[in-house]
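[1] compute the structure for the input listed below.
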Amino acid sequence: MSKLLISIASVGLLTTAFNLGNIANASDSTSPHVESKFEFPYHRWATVRQTIQVHIPRNSPALESLSIDVPENIDFQTSKVEITDGDRVIDAPISRQGQRLIIGFTRSISPDTQLRINFNGVSRNMRTQLSVYYIYARTVDG
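    Just a heads-up that it's a prediction; the model follows:
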């Protein structure tokens, strides 16, 4: 029985080792992607600031709009969402459809840009620690 468990574990480890090289690297991407998400303060607070960093790569078309599916355990207000590009605040109309946030940029965001989306004063359900956002980008050419 122990030989069977050892051989199953060995096959599992070998499979994992061979598949690690097949993981896609986001920095090689030609489409907009999320680089990081962080929260402050991180633990034991009901009201936090969550930040999502979106990178538009150099080879990507310009960004026209973003749709963000906000998790159910997050309660936010569109008036407290701030979008920045470095030190510059980007003024963009923000609308809300349930837990989906839609950001339509008045000017398209050029490639090789790092956007930071700050959700200020977010109320988070304390029973759930993990906040998973789904982000969809629309570029100028579709």
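[2] from residue 110, how far off is the nearest residue to residue 121 once chain neighbours are set aside?
    Closest residue to residue 121 apart from its sequence neighbours, by CB to CB, 6 or more residues apart in numbering: residue 80 at 4.9 Å. (Each C-beta comes from the backbone N, C-alpha and C, glycine too.) According to CB to CB, to the nearest Å, residue 80 stands 26 Å off from residue 110.
[3] show me where the chain has helices.
    All helices of the chain, identified by DSSP state H, fall at 2-19.
[4] lowest-pLDDT helix or strand in it?
    helix 2-19 (a mean of 48; mean pLDDT, DSSP states H and E).
[5] now stretch 112-119: mean pLDDT?
    Mean per-residue pLDDT for stretch 112-119: 90.
[6] what does stretch 76-83 give?
    For stretch 76-83, the mean per-residue pLDDT is 86.
[7] so in terms of bridging, what pairs with residue 50?
    With DSSP bridges as the criterion, residue 50 is bridged to residue 39, residue 119.
[8] was I right about residue 95 contacting residue 79?
    No - at 11.8 Å, residue 95 does not count as touching residue 79 under the criterion of CB atoms under 8 Å.
[9] residue 115 against residue 88, yeah?
    No - if you go by CB under 8 Å, residue 115 and residue 88 don't touch, sitting 10.6 Å apart.
[10] perfect, that will be all.
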